[in-house]
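**Q** Sharing a model prediction with you, sequence too.
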Amino acid sequence: MIYAKILERLQSLSNPNIVKSMERYGINTKNLYGVPIPELRLIAKEVGKDHELALKLWESSIHEARMLATMIDDPNMVSEDQMGAWIKDVDSWDICDACCGNLFDKTPYGYRKAVEWSAREEEYVKRAGFVLMAELAVHDKKSKDEQFYEFFPIIIRESTDDRNLVKKAVNWALRQMGKRSITLNQRALYTCEQLRKSSSRTARWIATDASRELMSKKVQTKLRTQQ
């Protein structure tokens, strides 16, 4: 009953103007109602954590239902098989990022999947690997810097992938790790130096864009204040 009511509510909140707007941002509008994210967060707050409901919402293939599923699922009940199945279903960058930032980074498998998926060829799966790195750098407050060291060689390895959704995710991961601590900032800037030497235009773009933020007065002041 809750499942049916949620689908009815999502449909009632549909907005064609939002659909058009999302399409301009490169979001896949198949099965998309155009429900604002704040409305989805409100529903998620009302529902609370519900693993079984999340699974049903995901299976509906409705864009907003899948987005909501990432918000209400219980990360402690998510299996590696579920993560693999969901990321295989992803057909839009916003759902990819929601999976990683709302749910996957809070499971026990986040670091392992970041490494595994970053080596995959499928565009959304590879993007997910680097989005996970970025989200872990922001949300995992307990892990030590060393936990992130293995990600830097991966960034160098994959920095030549010129697909827009991938290179932006690689850049995002590098920037977020470099803003986590002074130590990681230094490692990120060293990685940028390595990327500048690459014959790949994409790798050099990542280096230039990331170092601009990582060397900024705002970031450097914040990091040194944290020491």
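**A** Received, thanks. Quick caveat, the model's predicted, so the values are computed rather than measured.

**Q** What lies in contact with the lowest-mean-pLDDT helix or strand in the chain?
**A** Ranked by mean pLDDT, DSSP states H and E, the helix or strand of the chain with the weakest confidence is helix 16-24, at a mean of 91. For helix 16-24, contacts defined as Cβ atoms under 8 Å, 6 or more residues apart in numbering pick out 29, 32, 33, 34, 35, 36, 94. Every C-beta, even on glycine, is put in place using the N, C-alpha and C of the backbone.

**Q** mind listing what the last one touches?
**A** Residue 94 makes contacts with 22, 27, 67, as judged by Cβ under 8 Å, 6+ apart.

**Q** Now tabulate those residues in JSON lines and tack on neighbour count and distance to residue 186.
**A** Below are those laid out as JSON lines (neighbours: other Cβ atoms under 10 Å; distance: Cβ to Cβ, whole Å):
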{"residue": "22", "neighbour count": "18", "distance to residue 186": "38"}
{"residue": "27", "neighbour count": "17", "distance to residue 186": "36"}
{"residue": "67", "neighbour count": "24", "distance to residue 186": "37"}
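
**Q** follow-up on the earlier one: counting neighbours, which of the contacts of helix 16-24 comes out on top?
**A** Within these, residue 35 tops the neighbour count with 24 neighbours, counted by other Cβ atoms under 10 Å.

**Q** re earlier: just the closest of the contacts of helix 16-24 to residue 81, please.
**A** Nearest to residue 81 among those, counting by Cβ to Cβ, is residue 94 at 23.5 Å.

**Q** so how far is the strand or helix carrying the closest one off the chain centroid?
**A** Using DSSP states H and E, residue 94 sits in helix 93-98. From the chain centre to the centre of helix 93-98 is a distance of 6 Å (Cα atoms, centre = their mean, to the nearest Å).

**Q** Do you have the helices of the protein handy? List them.
**A** Taking DSSP state H as the test, the helices found in the chain are 2-12, 16-24, 37-47, 51-59, 63-72, 80-89, 93-98, 110-118, 123-139, 151-158, 164-178, 182-196, 201-214, 217-226.

**Q** Turn the ones you listed into JSON lines, columns for distance to residue 104.
**A** Output for these, formatted as JSON lines (distance: least, Cβ to Cβ, whole Å):
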{"stretch": "helix 2-12", "distance to residue 104": "22"}
{"stretch": "helix 16-24", "distance to residue 104": "22"}
{"stretch": "helix 37-47", "distance to residue 104": "16"}
{"stretch": "helix 51-59", "distance to residue 104": "13"}
{"stretch": "helix 63-72", "distance to residue 104": "8"}
{"stretch": "helix 80-89", "distance to residue 104": "6"}
{"stretch": "helix 93-98", "distance to residue 104": "10"}
{"stretch": "helix 110-118", "distance to residue 104": "6"}
{"stretch": "helix 123-139", "distance to residue 104": "6"}
{"stretch": "helix 151-158", "distance to residue 104": "15"}
{"stretch": "helix 164-178", "distance to residue 104": "14"}
{"stretch": "helix 182-196", "distance to residue 104": "21"}
{"stretch": "helix 201-214", "distance to residue 104": "23"}
{"stretch": "helix 217-226", "distance to residue 104": "26"}
